[in-house]
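>>> What would the 3D arrangement of this be:
(4 chains, ligands or ions: 4)
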2 protein chains.
Amino acid sequence: MIDFKKILKEHGIPLSLQRIKILEYLHNFKTHPTADMIYQALIEEMPMLSKTTVYNTLKTFTEKGILTALSIFENEVRYEYNTVPHIHFKCVKCNKIYDISKTYDCLKNEELEGHKVLEHHINLKGICKSCRDSEE
Amino acid sequence: MIDFKKILKEHGIPLSLQRIKILEYLHNFKTHPTADMIYQALIEEMPMLSKTTVYNTLKTFTEKGILTALSIFENEVRYEYNTVPHIHFKCVKCNKIYDISKTYDCLKNEELEGHKVLEHHINLKGICKSCRDSEE
DNA sequence: TATCAATTTATAGCGATTACAAACTTGGAA
DNA sequence: TTCCAAGTTTGTAATCGCTATAAATTGATA
Ligand SMILES: [Mn+2]
Ligand SMILES: [Mn+2]
Ligand SMILES: [Zn+2]
Ligand SMILES: [Zn+2]
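Ligands and ions are numbered 1, 2, ... in the order given. Take a look at the predicted model:
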């Protein structure tokens, strides 16, 4: 049983029921959900939950380093609980996002043309295995 | 002097004054502008220009392969005139986007875990040379 | 130059996100 | 345990980037 209260405290985030539930959801469902997807899932058991709270909480968590915000799709931000580094593959047919565990040693650069690199975001696009198989 | 009319014709795009001006702007200013930035720049000399035209034109150009649409930032699409392949670095301090000419041979994979890879999008984030220098 | 399809414009509308202020929780002091 | 101030949540309105629509305009062709 993971102690989500402890995780929040360790990141200097004051506790609230909403924050615990949102963190729990992102830890349990690694589906790169949008703010709205999280809201729709949690409104079941928390009928008074406000969408503003979801947005505020995701912003706080991202700033404090618990989550990563992804801009894989145009026009919407998706979130994921920080785990081991990985890259993303988006299928242009079914729109699913796959985690790819492959790591690229060639991207380990800390410095490029004088710029200090803090984050690498690698987004691949193409046709996923499942869609290729069902093509014929 | 570049013949923008010829470029449009070669891509099967019927001519219009607006299309020529937008293409000219994107060719001359390689700053990865948003639709609104292009609109604000062109409204000076074309007071009747509609923002809808800018959006429509950028969509047409992207579909015809003259431009590339980038989702580097959250919540807004940026455009660039197609040139040689390169990757992008976003400074988290000044928000500028830099072109990085480095190519990664390690990303040349055509297939990953059964998925067919068609595009690679590599976005780096960090602190740019200019901001580092001015830090002290 | 006349025709007419394609393009542009102005306007309204939409989905994702943010701003704001009142009501409510939370954590700590008394 | 009770009380309080600070921080959080909520509901609403507003904003931002973008799209839909239909009337007005343009431009390719004859
Ligand atoms: Mn992931
Ligand atoms: Mn570029
Ligand atoms: Zn697929
Ligand atoms: Zn900078």
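>>> rest of the way, CA atoms for contacts and neighbours
Will do.
>>> where does the residue nearest the centre of chain A fall, helix, sheet strand or coil?
Closest residue to the average C-alpha location of chain A: A:Glu80 at 1.7 Å, with CA atoms, centre = their mean. Put simply, A:Glu80 is strand when judged by DSSP: H, G, I helix; E, B strand; the rest coil.
>>> residues contacting it?
By CA atoms under 8 Å, 6 or more residues apart in numbering or on different chains, A:Glu80 lies in contact with A:Leu26, A:Lys30, A:Thr31, A:His32, A:Pro33, A:Leu67, A:Thr68, A:Ala69, A:Leu70.
>>> Tell me which of those residues fall in strands.
A:Leu67, A:Thr68, A:Ala69, A:Leu70 (DSSP state E).
>>> What residue, apart from its backbone neighbours, is nearest the third one spatially?
Read it as A:Ala69. Leaving out its chain neighbours, the residue that sits closest to A:Ala69 by CA to CA, 6 or more residues apart in numbering or on different chains is A:Tyr79, at 4.7 Å.
>>> I figured the one you found hits A:His32, correct?
Yes - with contact defined as CA atoms under 8 Å, A:Tyr79 reaches A:His32; the gap is 5.2 Å.
>>> Spell out which helix or strand contains A:Tyr39, please.
Using DSSP states H and E, A:Tyr39 falls within helix A:35-42.
>>> Report the distance from that helix to the chain centre.
13 Å (CA atoms, centre = their mean, to the nearest Å).
>>> now do stretch A:29-46
That offset, for stretch A:29-46, works out to 12 Å (CA atoms, centre = their mean).
>>> which residues sit in contact with whichever residue of chain A sits closest to DNA strand D?
Scanning chain A for proximity to DNA strand D using CA to the nearest atom of the strand identifies A:Leu49 as nearest, at 3.4 Å. A:Leu49 makes contact with A:Gln18, A:Tyr39, A:Leu42, A:Ile43, according to CA under 8 Å, 6+ apart.
>>> Give the ChimeraX command for selecting the buried subset of the residues you listed.
Of the contacts of A:Leu49, the buried ones go into a single ChimeraX selection, burial set by 16 or more other CA atoms under 10 Å in any protein chain shown:
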select /A:18,39,42
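>>> Tabulate the contacts of A:Leu49 (TSV), appending distance to ligand 3 and pLDDT.
Formatted as TSV, those follow (distance: CA to the ion, whole Å; pLDDT from 0 to 100):
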residue	distance to ligand 3	pLDDT
A:Gln18	34	98
A:Tyr39	26	98
A:Leu42	27	98
A:Ile43	29	97
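>>> Return the member of the contacts of A:Leu49 nearest to B:Val117.
Nearest to B:Val117 among the contacts of A:Leu49: A:Tyr39, at 32.3 Å, using CA to CA.
>>> Now that the closest one has come up, it's in contact with A:Met48, right?
No - look at A:Tyr39 against A:Met48 with CA under 8 Å: they stay out of range, at 10.7 Å.
>>> Quantify the burial of the nearest residue to A:Asp99 once chain neighbours are set aside by counting its neighbouring residues.
Of all residues not flanking A:Asp99 in the chain, A:His88 sits nearest, at 5.0 Å (CA to CA, 6+ apart). A:His88 has 19 neighbouring residues, counting by other CA atoms under 10 Å in any protein chain shown.
>>> Phi, psi for A:His88 please.
The phi and psi values for A:His88, taken as degrees, to the nearest 10, are phi -120, psi 140.
>>> was I right about it contacting A:Lys96?
No - judged on CA under 8 Å, A:His88 makes no contact with A:Lys96 at a distance of 10.1 Å.
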